[in-house]
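# Pasted the sequence and its predicted model underneath.
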Amino acid sequence: MSHYLLKSEPLPRLEDGVDVSFPFSRLLTSPDQSTTWDGVRNPRAGKTLKGMKVGDEAFWYHSNTKLPEIVGVVKVTVDGENQPDTTAFEQSSPYYDAKSSREKPRWFMPTVKHAYPLKHSLPLSLLQHLTSSSLTPNQRQDLSYLSDTQLRSIGEMDLLRLGRLSVQTVSQEAWTALSLMGDKGGWGEWKGKWNPGSQGKEKKAEGDGHVKVAAKRRKVDEEAEAEGAKPAAPKTSSTLGRQSKAKMAKPESAASSAKSDTRRKSQRIAKQQ
């Protein structure tokens, strides 16, 4: 059995008037929960599709979105070499290829079927972080179920090295590593763009802190007014600036006065002489 990664676009996008999007969830409502993988015109990716066999598995990857990620798994149910890509013959298709014919097809398409969604989707940014020097010891401990060899295999994937390739092979080591991650998770509390929820909580906490400071200041002012005292004016950048200028002005004034005294003393000495 071989393993692959297939990229699709989950968000609507028109190409020559045709919506080319296909989110993983659409498989559930497709006939037999299956689809042909057509429209690929990159020679390397096309060769990979042609070589896919019944029983092979592939990760389904959402691309061209704010959070590109692996979201599920599909299984090949029809060999790629047994199905010429019919979109290459259709002049109305954005994937039409005049050099491809039914007698001599240039492109092929396997049929894939929905297998299962991942319990934990795997964002590209997370995989990049795992293979970088910024991975902390605590984070490594959170993923202790992965061996060092498995981590290295993730960094060697075409997904991280050849970003634009839409159909990729996946090594057995990397497949096992990503499957474990998709099942076990462990990065839910990590802060980073792979976890937008944690960033939102962080911003909310920061905002709550500002609100608490403002409320405390109002409480102090209210207590001061109750005692008949004048509430303290909040320090702003302008008031702080005026205070700084005032502090700087004092030494200059003293220095100026000292110079004046020196000049007057010099004048008296000159007159006496």
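Received the coordinates, thanks.
# And the pLDDT at residue 196?
Note on residue 196: pLDDT of 78.
# Spatially nearest residue to it (excluding sequence neighbours)?
Leaving aside its chain neighbours, residue 196 sits nearest to residue 67 (7.0 Å; criterion: C-beta to C-beta, 6 or more residues apart in numbering). For the C-beta atoms, the positions are set from N, CA and C on the backbone; glycine is no exception.
# Which secondary structure state does the one you found sit in?
When classified by DSSP: H, G, I helix; E, B strand; the rest coil, residue 67 comes out as coil.
# and if you look at the one 10 residues further on?
For residue 77, the secondary structure call by three-state DSSP comes out as strand.
# Let me see the ranges of the helices in the stretch 51-200 of the chain.
124-130, 137-142, 148-155, 158-161, 172-184, 196-226 (DSSP state H, counting those that start in this stretch).
# send the alpha carbons of the shortest one over as PDB?
The one in question is helix 158-161. Taking C-alpha atoms only, helix 158-161 is exported to PDB below (Å, rounded to 0.1, in the frame of the first residue of the first chain):
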ATOM      1  CA  ASP A 158       7.100  17.400  -0.100                       C
ATOM      2  CA  LEU A 159       4.400  19.400   1.700                       C
ATOM      3  CA  LEU A 160       7.000  21.400   3.500                       C
ATOM      4  CA  ARG A 161       9.600  21.400   0.700                       C
END
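# what about that helix, average pLDDT?
Across helix 158-161, pLDDT averages out at 95.
# same question, the third one
Helix 148-155 shows an average pLDDT of 97 in the prediction.
# In that helix, which residues are buried?
Buried residues in helix 148-155, counted by 16 or more other C-beta atoms under 10 Å: 150-151, 153-154.
# So, low pLDDT: which residues of the stretch 51-200 of the chain?
Along the stretch 51-200 of the chain, segments meeting pLDDT under 70 span 198-200.
# Closest to residue 40 out of the buried residues of helix 148-155?
residue 154 (24.0 Å; C-beta to C-beta).
# who's in contact with the closest one?
By C-beta atoms under 8 Å, 6 or more residues apart in numbering, the contact set of residue 154 is 127, 130-131, 160, 174, 177-178.
# What subset of those is buried?
Buried subset of those (neighbour count, 16+ other C-beta under 10 Å): 127, 130-131, 174, 177-178.
# Pick out whichever of the residues you listed sits closest to residue 36.
Set against residue 36, the nearest of the buried ones among the contacts of residue 154 by C-beta to C-beta is residue 178 (24.6 Å).
# all strands of the stretch 1-150 of the chain, in order?
Assigned by DSSP state E, counting those that start in this stretch, the stretch 1-150 of the chain shows strands spanning 3-8, 14-15, 18-19, 34-36, 57-62, 69-78, 111-123.
# so which of those strands is the most packed in?
Most buried of these, by mean neighbour count (mean count of other C-beta atoms under 10 Å): strand 57-62, with a mean of 23.
# who does that strand pair up with?
If you go by DSSP bridges, strand 57-62 pairs up with strand 3-8 (parallel), strand 69-78 (antiparallel).
# export that strand as CSV, just CAs?
C-alpha atoms of strand 57-62 as CSV (Å, rounded to 0.1, in the frame of the first residue of the first chain):
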residue,chain,number,x,y,z
GLU,A,57,-4.7,6.0,1.1
ALA,A,58,-4.3,9.7,0.9
PHE,A,59,-4.5,12.7,3.2
TRP,A,60,-7.1,15.3,2.1
TYR,A,61,-5.5,18.8,2.4
HIS,A,62,-7.3,22.1,2.3
